[in-house]
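[1] Here is my input; please provide its structure:
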Amino acid sequence: MHEIEAAAELFSGVGVVKPEVEDAVRRLLEAFGEDACREGLERTPERVARMYDELLAGYRVDPFALINEALFDVEYDEMVIIRDIEFYSLCEHHLLPFLGRAHVAYLPKGQVIGLSKIPRVVDLFARRLQVQERMTRQIADFIEAAIHPHGVAVVVEGVHLCSKIRGVKKANARMVTSAMSGSFKENEITRNEFLDHISRDTGSVSF
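    Got it, this is the predicted structure:
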């Protein structure tokens, strides 16, 4: 199974749709001047509530429980990179989506994380109301706390609909954020090796 599909599976069906969300959506529709009871909108509050329940599932998952039993003692001290991890999140300023790719690397110090867990960690922090800068830092800080490696590097590339379809309306603008610690921050050769790896043949993200 594709790692992104595995990550999505983790968050499916674990929440309870709150009637308060449905009521809020119904009031929004009425504030827009719509008839919330007409045929096309009758079930929209329920559908929107279920959508938010899925998109914000990261609040309900403990990241340390997420990686439980997937930490392995391995004598390996070279760079581990998981790149091109798709993510979808909601900007906390306008509740509009931002989406893109995350690239994660670490230098093990006696322990590694199971491969499927890194995309799930990215998904966990993405499935919250977010700003890209904070999400990038949270991913790096969590990996640091989980396995205490020699260093962690995270680069996130995102397209934000709040700037793509409203406001400045810059359709091609992409935001790139990074968080680095340990050897990646202190050693230019290590940092450049990581950046070189994630820049190779990645192509462009299509939305």
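[2] any idea which helix or strand comes after the lowest-mean-pLDDT helix or strand in the chain?
    Lowest by mean pLDDT, DSSP states H and E among the helices and strands of the chain is helix 3-11, with a mean of 44. Using DSSP states H and E, the helix or strand that follows helix 3-11 in sequence is helix 19-31.
[3] what packs against that following helix?
    Here helix 19-31 touches helix 44-55, going by 3 or more Cβ pairs under 8 Å, 6 or more residues apart in numbering; DSSP states H and E. Backbone N, C-alpha and C define where each C-beta goes, glycine included.
[4] tell me the angle the helix it packs on makes with helix 19-31.
    Interaxial angle, helix 44-55 versus helix 19-31 (axes from the mean of the first three to the mean of the last three Cα atoms, to 10 degrees): 130 degrees.
[5] Buried by neighbour count: which residues of helix 44-55 qualify?
    Going by neighbour count (16 or more other Cβ atoms under 10 Å), the buried part of helix 44-55 is 44, 45, 48, 49, 52, 53, 54, 55.
[6] Mind putting those residues into a markdown table with pLDDT and distance to residue 76?
    Formatted as a markdown table, the buried residues of helix 44-55 follow (pLDDT from 0 to 100; distance: Cβ to Cβ, whole Å):
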| residue | pLDDT | distance to residue 76 |
| --- | --- | --- |
| 44 | 97 | 51 |
| 45 | 96 | 51 |
| 48 | 96 | 46 |
| 49 | 95 | 45 |
| 52 | 95 | 41 |
| 53 | 94 | 39 |
| 54 | 94 | 36 |
| 55 | 95 | 36 |
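[7] What does residue 108 show for phi and psi?
    phi -60, psi 150 (degrees, to the nearest 10).
[8] Does it touch residue 150 like I think?
    Yes - shown here, residue 108 and residue 150 form a contact pair, counting by Cβ atoms under 8 Å, at 7.4 Å.
[9] Common neighbours of these two, please.
    Residues touching both residue 108 and residue 150 (Cβ atoms under 8 Å, 6 or more residues apart in numbering): residue 77.
[10] These two: which has the busier surroundings?
    Set residue 108 next to residue 150 and count neighbours by other Cβ atoms under 10 Å: residue 108 wins out with 21 against 18.
[11] Good, wrapping up.
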